[in-house]
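[1] Coordinates for the following, if possible.
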Amino acid sequence: MAVDYMNSGDTIAAISTAIGGSGIGIVRVSGSDALQVGDRVFVSPGGRKKISDQPSHTVHYGYIQDEGQTVDEVLVTLMRSPRSFTTEDTIEINCHGGVYATRRVLETVVRHGARPAEPGEFTRRAFLNGRIDLSQAESVADVIHAKNESALQSSLGQLRGSLGRKVHALRERILYQTAYIESALDDPEHYSLEGYSGKLRTETEDIRNQVHRLILSADNGRVMTEGVQTVILGKPNAGKSSLLNVLTGEERAIVTDIAGTTRDTLEETVTLGGITLNVIDTAGIRDTDDRIEQIGVDRAKEKAESADLILYLVDSSTKIDDNDKRILRILDGKKSIVLLNKSDLEPVTSPEEVRALIEYRFPVIEISAKEETGIDLLETTLKEMFYNGEISFDDDVIITSARQKAELIQAEDSLNKVLQNIDMGLPEDFFTVDLMDAYTALGRIIGRDVGEDLVDEIFEQFCMGK
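    Numbers count the residues shown, from 1 in each chain. Okay, here's the model as predicted:
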């Protein structure tokens, strides 16, 4: 159904809880006619209460009825405009959970004046009505899809407006400098540009550096939201599948004493030290005449090429051989951690031998996948490697959106042009063009002057009912 969102004043409804067996299901209704829709479907025990007569932010017990038939026993929460998520009149019908009960309540509401909401339409209305900016709207989806505590805290910070406040502050500084130049050009008697280029360079450099720090934070943001693409490499029987089972906490991979048991890749998602790892267990890397095993070895190498992190598992109970040296060539240019496994057995290969072999390029951690030891040190190393130890979510703004990063890069480019123009000694009116380009790019992060196509693209990725 095509919807004219910019001019849509109709009343929408959707199930806002997950579909399935649950104690409670919520049907949300928002729009100019939401309270009247509530009057048509809600019946209080005494039959005298009307939802539209009740004060805002109150809860009412009763029944949803359709043509005289009781659909469900419910609690209805009432939020009057503008004190609601969408800033519109809103009711939320708390009914019994389960697929059938919630659908019956939604069908009843739609029959009595609402229409089914599009994906993300409630959040879209909150944005269009000025309740939240675009960065906050994007963070709503991030909160829903957060895979770990770090991702959740970062998304909640953006939802509270941390990025928006940062962007607003930078835009105000840019606008002040632009306004000063324009005023001086129009009224040189009252505004002097003598020595101004030096002051503008200092201010622009500081703004540019803050923008650059936000761009750099996008790597942390991607790790938080998408997880670290992690590949476990090692010779056959090094303990790769045992490690995967330890990380997942269950027997996901077959473990035997027979070298070459793993023939294909096995993928699992785990959270370690607050970091989500998309872990791929691979076939042991060695020379083999077995065609099927060789396919597995080739796939292991392909996965390693695109990995964010390689966990290189070394069997400490055997000597380093040519197969290990082949694996080392794969590690070139990659973030890697060397895990010296089987520390519960008599060592044949020492940590110092391994460090010398890798030329001290990567951390070396002694573990025992069998005894499940050394995993805590792996967690600490991961945090140091990807988050520099710790992130303070109270102070830091983390960029989690590729769209936001692209706008920041454009703003940085424009600010660099301002600095270049200053160095070239160009007239001040040249500065304002690039300053305003940076101002506009930053504005698009929070939804200023964005096209409807972009808004469509962002909100169509939302789940139904949000």
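[2] Over stretch 28-38, what's the mean pLDDT, rounded is fine.
    The average pLDDT within stretch 28-38 is 97.
[3] got it, and stretch 201-221?
    89.
[4] Could you give me the buried positions within it?
    204, 207, 208, 210, 211, 212, 214, 215, 217, 218, 220, 221 (16 or more other Cβ atoms under 10 Å). C-beta: built from backbone N, CA, C; applies to glycine.
[5] now what about it, what contacts it?
    Here stretch 201-221 makes contact (Cβ atoms under 8 Å, 6 or more residues apart in numbering) with 154, 166, 170, 173-174, 177, 386-387, 391, 396-402, 404-405, 408-409, 411-412, 415-416, 418-419, 422, 435, 438, 442.
[6] Kindly report the same for stretch 459-466.
    So stretch 459-466 is in contact with 14-17, 28, 117-124, 137, 140-141, 144, going by Cβ under 8 Å, 6+ apart.
[7] and it, how far out from the chain's middle?
    15 Å (Cα atoms, centre = their mean, to the nearest Å).
[8] Which secondary structure state does residue 27 sit in?
    strand (DSSP: H, G, I helix; E, B strand; the rest coil).
[9] Pretty sure it sits against residue 16.
    Yes - Residue 27 is within contact range of residue 16, at 7.0 Å (criterion: Cβ atoms under 8 Å).
[10] Give me the common contacts of those two.
    Joint contacts of residue 27 and residue 16 (Cβ under 8 Å, 6+ apart) are residue 92.
[11] The nearest residue to residue 21 once chain neighbours are set aside and residue 22, how far apart?
    Leaving aside its chain neighbours, residue 21 sits nearest to residue 98 (5.6 Å; criterion: Cβ to Cβ, 6 or more residues apart in numbering). Separation of residue 98 from residue 22 (Cβ to Cβ, to the nearest Å): 7 Å.
[12] try residue 70
    For residue 70, the distance to residue 22 - Cβ to Cβ - is 21 Å.
[13] Which one's more surrounded, the two?
    Per other Cβ atoms under 10 Å, whichever of residue 70 and residue 22 has more neighbours is residue 22, with 15 against 10.
[14] what's the more buried one in contact with, if anything?
    Neighbouring residues of residue 22 by Cβ under 8 Å, 6+ apart: 97, 98.
[15] Quick check: phi and psi on it?
    phi -160, psi 170 (degrees, to the nearest 10).
[16] just to revisit the earlier point, the more surrounded of residue 27 and residue 16?
    residue 27 (31 against 19).
[17] That one bridge partners, please.
    Counting by DSSP bridges, residue 27 forms beta bridges with residue 15, residue 93.
[18] For it, list the residues it contacts.
    By Cβ under 8 Å, 6+ apart, the neighbours of residue 27 are 13, 14, 15, 16, 92, 93, 95, 102, 105, 106, 109.
[19] Look up how far residue 18 lies from it.
    Relative to residue 18, and taking Cβ to Cβ, residue 27 is found at 13 Å.
[20] go on, residue 356?
    53 Å.
[21] ok now the host helix or strand of residue 340, how far from the chain's centre?
    Using DSSP states H and E, residue 340 sits in strand 336-341. Averaged C-alpha coordinates place strand 336-341 at 29 Å from its chain's average position (Cα atoms, centre = their mean).
[22] Just the buried residues of the helix or strand just after that strand, please?
    Helices and strands here follow DSSP H and E; after strand 336-341, the next one along the chain is helix 351-357. Residues 351, 353, 354, 355, 357 are the ones in helix 351-357 that count as buried (16+ other Cβ under 10 Å).
[23] With stretch 183-201 instead?
    By neighbour count on 16+ other Cβ under 10 Å, the buried set for stretch 183-201 is 184, 193, 196, 197, 200.
[24] which stretch of helix or strand covers the residue nearest to the last one when sequence neighbours are not counted?
    This points to residue 200. Once flanking residues are discounted, residue 200 sits nearest to residue 177: 6.0 Å by Cβ to Cβ, 6+ apart. Assessed by DSSP H and E, residue 177 sits inside helix 162-186.
[25] in that helix, what counts as buried?
    Here helix 162-186 shows 162-164, 166-167, 170-171, 173-174, 177-178, 180-181, 184 as buried, counting by 16+ other Cβ under 10 Å.
[26] same question, stretch 51-65
    51, 54, 60, 62, 63, 64.
[27] next one: stretch 127-139
    127, 128, 131, 132, 133, 134, 135, 136, 137, 138, 139.
[28] Can you check the distance spanned by it, start to finish?
    12 Å (Cα to Cα, to the nearest Å).
[29] Just the mean pLDDT for that stretch, thanks.
    So the average pLDDT for stretch 127-139 ends up being 89.
[30] which residues are contacting that stretch?
    With Cβ under 8 Å, 6+ apart, stretch 127-139 has contacts from 5-6, 82, 85-88, 123-124, 126, 140, 155-156, 158-159, 161, 163-164, 167, 400-401, 403-404, 444-447, 450, 455, 458-459.
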